[in-house]
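1. here are the coordinates; sequence isn't available:
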């Protein structure tokens, strides 16, 4: 008789565990599908700050609908792709960036792609290549050498 009681208790415990496992799996599948269906949004603006401890970026951008400058916190995770930088720590305040992100079910803005615009050497002020120098510049340089 005692043997039947243990079997019934074990069977009940197994059913409860199985039911909880299925419910958790359905919940995680639902959350994942909602995130996968989240619409990708885009923002372009100036980086205000980077918090490498929280893996977050604060960006200032122009809201074209209201014509107002706004700020947005965007989280970065291991799935975020970075362009023109190797890590989050290379992004600094005043960098210009384009960020593709989604808003998760819990309201968090999660970056999918961050493209940082780094100035090219030829864009640096005061630098010109020989093809960009005017004849007057070339004459002045030749006279200075003499």
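-> Looks like it came in fine. For clarity, every value in this text was computed on a predicted model and none was experimentally measured.
2. In this structure, what helix or strand scores lowest on average pLDDT?
-> The helix or strand of the chain with the lowest confidence, counting by mean pLDDT, DSSP states H and E, is helix 135-145 at a mean of 53.
3. what lines up beside the longest strand belonging to the chain in the sheet?
-> Scanning the chain for the longest strand, with DSSP state E as the assignment, gives strand 41-51. Strand 41-51 pairs in its sheet with strand 56-63 (antiparallel), strand 96-103 (antiparallel), by DSSP bridges.
4. And stretch 73-80, what's buried?
-> If you call a residue buried by 16 or more other C-beta atoms under 10 Å, then stretch 73-80 has these buried ones: 74, 75, 76, 80. In this view, the C-beta of every residue, glycine as well, is placed from N, C-alpha and C.
5. actually stretch 102-111, not the one I wrote
-> Of the residues in stretch 102-111, those buried by neighbour count under the rule 16+ other C-beta under 10 Å are 102, 109, 110, 111.
6. For the longest strand of the chain, give me every contacting residue.
-> Applying C-beta atoms under 8 Å, 6 or more residues apart in numbering, the contact partners of strand 41-51 are 56-62, 71-72, 74, 88-89, 91-103.
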